[in-house]
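Asks: Need the 3D shape of this:
(one chain, ligands or ions: 2)
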Amino acid sequence: MSKPRLLWINISIFVITFLVALVFVPYRAVTHGFDSFEIVSLILCIGFCGMSITAGYHRLWSHRTYKAHAFIRFFYAIGGAFALQNSILHWSSDHRVHHKHVDNNDIDPYSAKRGFWFSHIGWMLRDYKPKTYNDYSNVRDLQKDKIVMWQHNNYLLLAIATNFGIPLILGLIHGDIISSLLLAGVLRLVISHHVTFFINSLAHIWGKQTYTDKNTARDNGILAFLTFGEGYHNFHHIFENDYRNGIQWWHFDPTKWFIRLASYLKLASDLKVTPEDKIIKAKAMMQLKQSREKLALKHNAELIIEQLQREYEALVQQVSNYYEVKKQLINACESSPERLNLSNQYQQLKRNLRASIKQWNSLVTSYA
Ligand SMILES: [Zn+2]
Ligand SMILES: [Zn+2]
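Replies: Ligands and ions are numbered 1, 2, ... in the order given. This next block holds a predicted model:
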């Protein structure tokens, strides 16, 4: 079977911008130099594009992990066109297919099982047209959003206006149009493109399978640093309705912080989080599985495996008890006499659970 036809418009955009960023940007830096205004503009434009994709296209529209005010949706719609990654509607449709059929080479539009190159950029260079291409039946909810449809119907115009207009305006304000077109225009686009593409490629190849091994998605702190927090991709694929990707306070997830900040400013609401018991159980299950696999290679490890299994079951039971009491406490009315009793019970179970998780973690790491 012959390969699908090449998409020359996409190829030209990727190749030309990449070569300009590789050759003309360093040349300009050496012969002319860039000043702080130009560098700060570059960083802000990368942030504008990046956040519009991660907080907007991804966590708001593709996964509906929170609700956002029209003002912020408009901000994302403009930033998404500036990021030149197709319309919200198209991007979200592709992304929902990616989640539903992850790693299925025939359906997942950027299946990581087809290799790094394909999942990174190759899928956009030829007319692969997966079965679902331009079938927007999986984004009917988004078609009710006026901002989404306005951006979709005017995408080309908005993409050209932002990609030329924003750098031109910055250049006119500052008095150096060429430097601005090179930095805020081209270098910004190349960085913003490849950083997002890493989520489809590297985040499915490099890192830990902390919560599930049913798909190729990985958790990777370094990638999170480069991708506005999207590097905790293993967590994201199992708990896709969570507005966070990095769930610990020390996880680098600026998208989560941005959404939280927007909620303090009343620009975002209904931030969804996964119940903690589900997270603990998924992680413990993977730890058990990985430890069993390692122990299976050793001689006479049957007793240890049995002990590990028992410890795991006890932990899962403890998690269930803890969350049962937590639920009862939340539902108990403020003045009920049993509330104090429940509250004490809850505090005790919480302390015990923390100690058990610590103990379980040291047990599994001793077999790692
Ligand atoms: Zn996703
Ligand atoms: Zn993915």
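Asks: backbone phi and psi for residue 102, please?
Replies: phi -50, psi 140 (degrees, to the nearest 10).
Asks: And for residue 126?
Replies: Dihedral angles (degrees, to the nearest 10) for residue 126: phi -120, psi 160.
Asks: so what's the backbone phi/psi at the residue lying closest to it once chain neighbours are set aside?
Replies: Spatial nearest neighbour of residue 126, chain neighbours left out: residue 4 (4.4 Å); criterion: Cβ to Cβ, 6 or more residues apart in numbering. Bear in mind the C-beta positions are built from the backbone N, C-alpha and C, glycine included. Main-chain dihedrals, residue 4, degrees, to the nearest 10: phi -60, psi 160.
Asks: ok, now residue 253?
Replies: Note on residue 253: its backbone torsions stand at phi -140, psi 70 [degrees, to the nearest 10].
Asks: In space, what's closest to it - neighbours in sequence excluded?
Replies: Per Cβ to Cβ, 6+ apart, closest to residue 253 is residue 229, 3.1 Å.
Asks: In terms of helices and strands, where is that neighbour?
Replies: Per DSSP states H and E, residue 229 falls between elements, in no helix or strand.
Asks: pretty sure it contacts residue 252?
Replies: Yes - counting by Cβ atoms under 8 Å, residue 252 is a contact partner of residue 229 at 6.1 Å.
Asks: Which one of those two is surrounded by more residues?
Replies: residue 229 (25 against 20; other Cβ atoms under 10 Å).
Asks: residue ranges for the helices of the stretch 51-200 of the chain, please.
Replies: 70-82, 88-100, 116-120, 146-153, 155-174, 177-180, 188-200 (DSSP state H, counting those that start in this stretch).
Asks: would you put the C-alpha positions of the last one in CSV?
Replies: Meaning helix 188-200. Extracted C-alpha coordinates of helix 188-200, given in CSV (Å, rounded to 0.1, in the frame of the first residue of the first chain):
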residue,chain,number,x,y,z
ARG,A,188,8.2,31.3,20.0
LEU,A,189,6.3,29.2,17.5
VAL,A,190,9.0,26.6,17.1
ILE,A,191,9.4,26.2,20.9
SER,A,192,5.7,26.2,21.6
HIS,A,193,5.1,23.6,18.9
HIS,A,194,7.7,21.1,20.0
VAL,A,195,7.0,21.5,23.6
THR,A,196,3.4,20.5,23.0
PHE,A,197,4.5,17.7,20.6
PHE,A,198,6.7,16.3,23.4
ILE,A,199,3.5,15.4,25.3
ASN,A,200,2.4,13.1,22.5
